[in-house]
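Asks: quick one: sequence and predicted model below, then my questions.
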Amino acid sequence: ERILRELTWEVLQDRVIVRGSYFLPTTTASECELVYTVKAAGEIEVYEQLTPGENLPEIPEIGVMLVMDGSYDNLEWYGKGPHESYWDRQSGAKLGLYRGKVADQFVPYLRPQECGNKMGVRHASVTNGQGSGLAVIGSPAIELNVLPYTPSELENHDHVYKLPRSNKTVVRINHKQMGVGGDDSWGAQAHPEYVLHANKAYAFSFTLKGI
């Protein structure tokens, strides 16, 4: 529900810099800035800064989400794997080069919910059967989640069989996502060191490149 406040661009000899300033209608207003540096060779460097409003609760995740056509159904990543990993659930995941189908990144928990996250991703690609697609490069690393569903679709269905048939690939490129918590197997909150507190600004960057 972001609202665009200002959009500016600057044309240089070998790049174009596009800046978007957004208002986020949280309980107390937050601000977000996105800077896209489009280079002549086709790479796009993306910088995001989030400035939360005052006295807000913890932040679930900080990043960007984009939707690709469902034909882009192959995922390869150099990061932690092969299974999902989170800020406070990653000791069992090992750094390596992994690949698989986007649909297989979905974890069919009893109730559809957040799943499939990848920690410490240095670079990744989402491609179709012909090998064309999008590369994501961390600066130096990102969290990555690539699923056939948006977070709201997962949250709005109480059984896996009720999820709609998907014709899309949802790519979430995150700076961080708060910890899972649940040390008691149910309702325990994430430890304080794994919480994204809303009392400071957050910033990160990554690069997008066509394949």
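Replies: Received the coordinates, thanks.
Asks: and the closest residue in space to residue 158 that isn't next to it in sequence, how many neighbours?
Replies: The spatially closest residue to residue 158, leaving aside those adjacent along the chain, is residue 111, at 5.7 Å (Cβ to Cβ, 6 or more residues apart in numbering). All C-beta atoms are positioned from the backbone trio N, CA, C, and that covers glycine. If you count neighbours by other Cβ atoms under 10 Å, residue 111 ends up with 11.
Asks: where does residue 111 land in three-state SS?
Replies: The three-state label given to residue 111 by DSSP: H, G, I helix; E, B strand; the rest coil is coil.
Asks: quick check: buried residues in the helix or strand bottoming out on mean pLDDT in the chain?
Replies: Ranked by mean pLDDT, DSSP states H and E, the helix or strand of the chain with the weakest confidence is helix 151-155, at a mean of 95. By neighbour count with 16 or more other Cβ atoms under 10 Å, helix 151-155 contains the buried residues 151, 153-154.
Asks: if I look at residue 13, how far off is residue 7?
Replies: Summarising the geometry, the distance separating residue 13 from residue 7, computed by Cβ to Cβ, to the nearest Å, is 22 Å.
Asks: quick one, which of those two is more surrounded?
Replies: Regarding residue 13 and residue 7, a neighbour count based on other Cβ under 10 Å identifies residue 7 as having more, with 11 against 5.
Asks: just checking, what packs against the host helix or strand of residue 205?
Replies: Counting by DSSP states H and E, the element that carries residue 205 is strand 202-210. Applying 3 or more Cβ pairs under 8 Å, 6 or more residues apart in numbering; DSSP states H and E, one finds that strand 202-210 contacts strand 44-51, strand 61-69, strand 133-147, strand 168-177.
Asks: for the second one, which outside residues touch it?
Replies: This points to strand 61-69. 34, 46, 48, 50, 126, 133-134, 142-143, 150, 167-178, 196, 202, 204 (Cβ atoms under 8 Å, 6 or more residues apart in numbering).
Asks: what angle do it and strand 202-210 make?
Replies: Here the directions of strand 61-69 and strand 202-210 differ by 20 degrees (axes from the mean of the first three to the mean of the last three Cα atoms, to 10 degrees).
Asks: strand 61-69: partners in the sheet, and parallel or antiparallel?
Replies: strand 168-177 (antiparallel) (DSSP bridges).
Asks: hmm, back to that, as TSV, the helices and strands packed on strand 202-210 with mean neighbour count and mean pLDDT would be great.
Replies: Compiled in TSV, the helices and strands packed on strand 202-210 are given as follows (neighbours: other Cβ atoms under 10 Å; pLDDT from 0 to 100):
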stretch	mean neighbour count	mean pLDDT
strand 44-51	18	98
strand 61-69	15	97
strand 133-147	20	98
strand 168-177	21	98
